[in-house]
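K.L.:
no sequence for this one, just the structure:
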């Protein structure tokens, strides 16, 4: 299935289910906008390695 004409917004896409959903939507051709709180400059207080930039890449 192709989602080339679809735009999606995924909240909480830094890790877990949100990240998985964002990645799969992108792989299916959707334009995906993601939100998340952990960035390369603002790391998680739990020192988790995932960042919103990694999800976008």
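P.N.:
Yep, that arrived. Note that the structure is predicted; figures quoted are calculated from it, not measured.
K.L.:
so who does the residue positioned nearest the centre of the chain touch?
P.N.:
By C-alpha atoms, centre = their mean, the mean C-alpha position of the chain lies nearest to residue 13, the distance being 3.7 Å. Counting by C-beta atoms under 8 Å, 6 or more residues apart in numbering, residue 13 touches 19, 21-22, 34-36, 52, 55. Glycine gets a C-beta too; all of them are placed from N, C-alpha and C.
K.L.:
how about the helices of the protein, start to end?
P.N.:
16-27, 52-56 (DSSP state H).
K.L.:
check these for me and report the most buried one.
P.N.:
Mean neighbour count (mean count of other C-beta atoms under 10 Å) peaks for helix 52-56 among these, with a mean of 17.
K.L.:
tell me how far that one lies from the chain's centre.
P.N.:
Taking C-alpha atoms, centre = their mean, to the nearest Å, the mean C-alpha location of helix 52-56 is offset from the chain mean by 6 Å.
K.L.:
residue boundaries of the strands in this protein?
P.N.:
All strands of the chain, identified by DSSP state E, fall at 7-10, 31-34.
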